[in-house]
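Participant: Structure of the sequence below:
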Amino acid sequence: MPAIMTMLADHAAQQLLDFNQKLDINLLDNVVNCLYHGVGPQQRMAQEVLTHLKEHPDAWTRVDTILEFSQNMNTKYYALQILETVIKTRWKILPRNQCEGIKKYVVGLIIKTSSDASNVEKEKVYIGKLNMILVQILKQEWPKHWPTFISDIVGASRTSESLCQNNMVILKLLSEEVFDFSSGQMTQVKAKHLKDSMCNEFSQIFQLCQFVMENSQNAPLVHATLETLLRFLNWIPLGYIFETKLISTLVYKFLNVPMFRNVTLKCLTEIAGVSVSQYEEQFVTLFTLTMCQLKQMLPLNTNIRLAYANGKDDEQNFIQNLSLFLCTFLKEHGQLIEKRLNLRETLMEARGKTRLPNTRCAVALHYMLLVSEVEETEIFKICLEYWNHLAAELYRESPFSTSTSPLLSGNQHFDVPPRRQLYLPVLSKVRLLMVSRMAKPEEVLVVENDQGEVVREFMKDTDSINLYKNMRETLVYLTHLDYADTERIMTEKLHNQVNGTEWSWKNLNTLCWAIGSISGAMHEEDEKRFLVTVIKDLLGLCEQKRGKDNKAIIASNIMYIVGQYPRFLRAHWKFLKTVVNKLFEFMHETHDGVQDMACDTFIKIAQKCRRHFIQVQVGEVMPFIDEILNNINTIICDLQPQQVGQQTPDKQEHAAPPLPSHPPPAHASLLLRVQVHTFYEAVGYMIGAQTDQAVQEHLIEKYMLLPNQVWDSIIQQATKVGREEATDGNGDGLKKQKRTVFKAPLPPAAQNVDILKDPETVKQLGSILKTNVRACKAVGHPFVIQLGRIYLDMLNVYKCLSENISAAIQTNGEMVTKQPLIRSMRTVKRETLKLISGWVSRSNDPQMVGENFVPPLLDAVLIDYQRNVPAAREPEVLSTMATIVNKLGGHITSEIPQIFDAVFECTLNMINKNFEEFPEHRTHFFYLLQAVNSHCFPAFLAIPPAQFKLVLDSIIWAFKHTMRNVADTGLQILYTMLQNVAQEEAAAQSFYQTYFCDILQHIFSVVTDTSHTAGLTMHASILAYMFNLVEEGKITSALNPSSPTNNQVFIQEYVANLLKTAFPHLQDAQVKVFVTGLFSLNQDIPAFKEHLRDFLVQIKEFAGEDTSDLFLEEREASLRQAQEEKHKIQMSVPGILNPHEIPEEMCD
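Facilitator: Numbers count the residues shown, from 1 in each chain. Next up, the predicted model:
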């Protein structure tokens, strides 16, 4: 069957690609049908045939036949794709008569198809694609070869309404192509010329739009005209907007017509966003007219929230557009309206009981409040943007004005700035809105799911977190403006929770999230009074409510609030102690998420109040840290195990059956729990704050007692030899340690290393190391005392597990690395490396690290890494080496050759076969290169030339990579390397001679590769730097040894030849202008980048003989000017220019 299919496909391809015979339309329709409705091989073959036909240079000659005779709409779309490709890429090399022929054919087809009103709707997609083809032709032809286009289309529009409707769509598309999407699609100069042409000829288009709006009764035509006008409004000369009847026409004629109100409101929003001062009166008119119409369309007493909930799509869109209009206008021109006292009556409306003497709330703000209540997040975000802007503006105008509440203190507005006074009643309502709708903060893990159950949240909702941040900022500003009012609202709502009138999980959550969000916005005394009341009420509520779900919600809210107020906790020790003890209580609560949140809150408090736990507080007999360490077992005994359980490993992984072993201590299983690691990190922050070294070391010993007991028990079982004390109490124990453990190969009698093949034991080792990693993260450099205690044992365990893994792979192949026991062993290795790199990055004695910790580490991990099969190599080895290089800098330069010998070539061989395998190794490998390049560059110059060539090849490989982070790192390394080389005078010239042209060629290969567009800024920086080196004569050795010439001339010729070879369809003039710009613009990176972007546009199409629409002469003149400007700047600084570059007359 496949053979028959192939024959049929070949037959179809031959027939369709034979341009000497008539096109078989039925055959083409069948192939297209296969593509859309076939399956598997049939579909693939159809795709191949159609791709071959599309790529044929003469395929476009068949388009008219296909469009006329095909019965299949998909075939017609395919024909239009062929035509679009030829217009975009080969138009300039077609003979003029053929260009004119295509142009006339497309215009005729559009007129024919769109002249019939019933046809326009029926063939909407087809006509849309034809319109797009015409716009692509216009970008090539107009204005030079089709100077009358605008008058042609305007004239044709007056002959038929359905034709006019389609012409509006064409003008809209043209506007979008020129003004919105021109970047990267056409050169800057061409885009500028087209924009100028549009502006110069716009009066005819505007007259047409005006004529339609004033005279047409055809609703679809009017709608299309308004849509087109909307696209024009962001670029047309402002006189057309503000010096014509446009605004009044939009408001009076179209705003209150349901079919047009949405697009009209969008037009008014676009106008409202214009920021100019000379049309103030017109903005005021726009506002007053719109508000008057709005009051008729949407009476002030409308319940917009309800109307939105029950509304159709069109009505809901209107509410969203209204929010955008109000937000845009009030942000841009709100102050203009405030200042017009004569407009106050027009702008203000009575609001019943909330009316204040002599001041009434603005209609616009009333609508903003009503729209803000709508239960739709996107609309709320729009409103929030305005409330945030208003509150921030009012606060910044007068940050130190007293913020006692004028609402609460009668009518004495002594200290309130007049502008703030105007907004007082509105802001009070906005506060209530923020408190009632506060989004969920990141820290809250206990949530109500869609089924109404209280559960732990596992996925972070980034949208909700961003909304919370914006709401929090807004509420903080609002609190600064009037903290008494904020407090009143929150206290009232809390009382309603306690007395049950507003009790619900949602209401309690939003209230508590709001209370937590204003931390720091009140005066300290007010904050104290307020917070004591809040916590007291919440604890009472916790006692009062029955049911685990209720208690979980209340507990999560208490924890969130106390975690947000570290200033208060630091000032009130008794309260802080009570809070922490309450958190310890919650650590025994088994409800989903409560323990996680208790641990997270504990860590936040430990970070912010760390010093208070290590001091003896008034009324206490010892620092609280001692109490915690004395009771650590009790506190953490109920914390939950890790979520991901591990299965029992297969028997084949055991080289021998496990030998009888001592049972691990009873508390060993505790350390397998993820929350325990969080708890250890929190306590570590407290210990890290202790400044007395002896006391701190004693605390660390006590702190790590639990994990160390389990560790010692395992190590003792793994070796027969008694263990010596690891440290001498000064942190220098490492130097004095003598170990006989795992000095391979030990006779079997001396050890019981099979314990390290026991799944439970290996899992415990991994967990102990995770606890150490988190503890080290918090304690920092002083953790050296604990690290020294376990360091050599840990490295010996690392070696032993490596041997186990290698033996298992040798016996069972690479698949064994997926099995649970082997994965656990690798976890131990990874956590070992994480612990070491974590401590090194926090250490403050590079010499001690280099002398004591690095040699045994390199000894344990480097040979093991090199010897292992690729699948068993730990990527963390590379990241650990990178950390060490970053931290120790010059102290480690002498070790770089040893590190490179072990990890460089073997890793490169893992990652240079393709772009996909070993992604972590890739990333870490280049981070290591980056570290050496930045901190130990002399080491690169010391390695043999062959190895340096490999390094450079790997950097080139990196910046050609499809993984964005690897490509970015590669470019960064190259840029830094070029800068480093320039500093090394002895090596620089030979480097340039050997590698400069090669690097240039590779950079151009990625610049012109569309999949690397994201790196264009960095490409521009590197190329500009390289061309600058050449131009300023920093490269003194000849870059062309075969025929030594001026380097600048050589590089100009080299790049020109390189580009002509790669893109033979470019004209010499194009290449010349591009190369000139590489030198002229090399000190202006944004301009250099746009110059590259222009070139990328040009390589996509064949230019032919006529390059007039590239405006090369104009571009050349601007580059000459840029070069002259640069030269002037250089001449103004004595010594910058080479004496031989200074003009003769200036030498005198």
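Participant: Count the neighbours of residue 709 for me.
Facilitator: 16 (other C-beta atoms under 10 Å). All C-beta atoms are positioned from the backbone trio N, CA, C, and that covers glycine.
Participant: and it, helix, strand or coil?
Facilitator: Under DSSP: H, G, I helix; E, B strand; the rest coil, the three-state class of residue 709 is helix.
Participant: Residue 71 now?
Facilitator: Residue 71 - assigned by three-state DSSP - is coil.
Participant: To what extent is the nearest residue to it once chain neighbours are set aside buried, counted in neighbours?
Facilitator: Once flanking residues are discounted, residue 71 sits nearest to residue 29: 6.5 Å by C-beta to C-beta, 6 or more residues apart in numbering. For residue 29, the count of nearby residues is 17 (other C-beta under 10 Å).
Participant: which element is residue 29 on?
Facilitator: For residue 29, the host element (DSSP states H and E) is helix 25-37.
Participant: quick one, what contacts residue 868?
Facilitator: Neighbouring residues of residue 868 by C-beta atoms under 8 Å, 6 or more residues apart in numbering: 802, 805, 806.
Participant: From these, list the buried ones, please.
Facilitator: Burial by neighbour count, 16 or more other C-beta atoms under 10 Å: within those this picks out 802, 805.
Participant: Select from the contacts of residue 868 every entry located in helices.
Facilitator: Counting by DSSP state H, these place 802, 805, 806 in helices.
Participant: Now that we're looking at the second one, what pLDDT does it have?
Facilitator: Yep, that's residue 805 we're talking about. Turning to residue 805, the model gives it a pLDDT of 93.
Participant: Does it touch residue 821 like I think?
Facilitator: No. The pair residue 805 and residue 821 fails to qualify as a contact (C-beta atoms under 8 Å) at a distance of 9.6 Å.
Participant: re earlier: in the helix holding residue 29, what counts as buried?
Facilitator: Buried residues in helix 25-37, defined by neighbour count with 16+ other C-beta under 10 Å: 25, 28, 29, 30, 31, 32, 34, 35.
Participant: So for the fifth one, what pLDDT did the model give?
Facilitator: The predicted local distance difference test score for residue 31 is 92.
Participant: could you list every residue that touches it?
Facilitator: Contacts for residue 31 were tallied using C-beta under 8 Å, 6+ apart; they are 12, 16, 46, 49, 50.
Participant: so which of those would you say is closest to residue 386?
Facilitator: Distance to residue 386 across the contacts of residue 31 (C-beta to C-beta) is lowest for residue 50, with 51.6 Å.
Participant: which stretches of the stretch 851-1000 of the chain form strands?
Facilitator: Counting by DSSP state E, counting those that start in this stretch, no segments of the stretch 851-1000 of the chain form strands.
Participant: Same check on the chain?
Facilitator: Per DSSP state E, the chain carries strands over the ranges 446-448, 454-456.
Participant: can you list the residues that contact stretch 461-477?
Facilitator: Identification of contacts with stretch 461-477 by C-beta under 8 Å, 6+ apart yields 377, 381, 384-385, 387-388, 391-392, 394-395, 430-431, 434-435, 437-442, 486, 513-514, 517-518, 520-521.
Participant: Just the buried residues out of those, in PyMOL syntax.
Facilitator: Provided next is the PyMOL selection string for whichever of the contacts of stretch 461-477 are buried by 16+ other C-beta under 10 Å:
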select buried, resi 381+384+385+387+388+391+392+394+395+430+431+434+435+437+438+439+440+441+486+513+514+517+518+521
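Participant: Give me the subset of the contacts of stretch 461-477 lying in helices.
Facilitator: Of the contacts of stretch 461-477, the ones assigned to helices by DSSP H are 377, 381, 384-385, 387-388, 391-392, 394-395, 430-431, 434-435, 437, 486, 513-514, 517.
Participant: Flag every buried residue along stretch 1015-1029.
Facilitator: Buried residues in stretch 1015-1029, counted by 16+ other C-beta under 10 Å: 1015-1016, 1018-1027, 1029.
Participant: Next, name the residue at the spatial heart of this structure.
Facilitator: By C-alpha atoms, centre = their mean, the chain has its centre lying nearest to residue 462, at 11.5 Å.
Participant: Could you report the distance from residue 487 to residue 785?
Facilitator: 48 Å (C-beta to C-beta, to the nearest Å).
Participant: Of the strands of the chain, which is nearest residue 96?
Facilitator: strand 446-448 (68.1 Å).
Participant: What lies in contact with that closest one?
Facilitator: Contacts for strand 446-448 (C-beta under 8 Å, 6+ apart): 440, 454-457, 505-506, 509, 552-553, 555-556, 591-594, 597.
Participant: Identify the neighbouring strands of that strand in the sheet and state each direction.
Facilitator: As defined by DSSP bridges, the strand partners of strand 446-448 come to strand 454-456 (antiparallel).
Participant: Quick one: mean pLDDT for the strand it pairs with?
Facilitator: For strand 454-456, mean pLDDT rounds to 73.
Participant: ok, residue 437 touching residue 510?
Facilitator: Yes. Shown here, residue 437 and residue 510 form a contact pair, counting by C-beta under 8 Å, at 6.3 Å.
Participant: For residue 871, the count of nearby residues, please.
Facilitator: When neighbours are counted by other C-beta under 10 Å, residue 871 registers 16.
Participant: where's it relative to residue 824, distance?
Facilitator: Between residue 871 and residue 824 the distance is 16 Å, computed by C-beta to C-beta.
Participant: re earlier: ok, the buried residues of helix 25-37 vs residue 57, which is closest?
Facilitator: Among the buried residues of helix 25-37, and counting by C-beta to C-beta, the member closest to residue 57 is residue 28, at 18.0 Å.
Participant: OK, contacts around the closest one?
Facilitator: Applying C-beta under 8 Å, 6+ apart, we find residue 28 in contact with 16, 66, 70, 75.
Participant: what's the answer for residue 957, then?
Facilitator: 911, 912, 970.
Participant: Buried subset of the residues you listed, written for PyMOL?
Facilitator: Per 16+ other C-beta under 10 Å, the buried members of the contacts of residue 957 correspond to this PyMOL selection:
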select buried, resi 911+970
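Participant: Which one of the contacts of residue 957 is nearest to residue 124?
Facilitator: Distances from residue 124 to these, taken as C-beta to C-beta, are shortest for residue 970 (47.2 Å).
Participant: gap between stretch 184-202 and the chain center?
Facilitator: In terms of C-alpha atoms, centre = their mean, to the nearest Å, the centre of stretch 184-202 is set 32 Å apart from its chain centre.
Participant: got the buried residues for that stretch?
Facilitator: Neighbour counts over stretch 184-202 (16+ other C-beta under 10 Å) mark 186, 187, 188, 189, 190, 191, 193, 194, 197, 198, 201, 202 as buried.
Participant: now do stretch 820-829
Facilitator: 820, 821, 822, 824, 825, 826, 827, 828, 829.
Participant: shouldn't the fourth one be in contact with residue 759?
Facilitator: Yes. Using C-beta under 8 Å, residue 824 and residue 759 qualify as a contacting pair, with a distance of 6.5 Å.
Participant: tally of neighbours for the residue nearest to residue 370 when sequence neighbours are not counted?
Facilitator: Nearest non-adjacent residue to residue 370, counting by C-beta to C-beta, 6+ apart: residue 304, 4.2 Å away. For residue 304, the neighbour count with other C-beta under 10 Å is 20.
Participant: just use 360 as the starting number from now, easier for me
Facilitator: Taking 360 as the first residue, the last one we looked at is residue 663.
Participant: my guess is residue 663 contacts residue 728, does it?
Facilitator: No. In this structure residue 663 lies outside contact range of residue 728 using C-beta under 8 Å: 9.3 Å.
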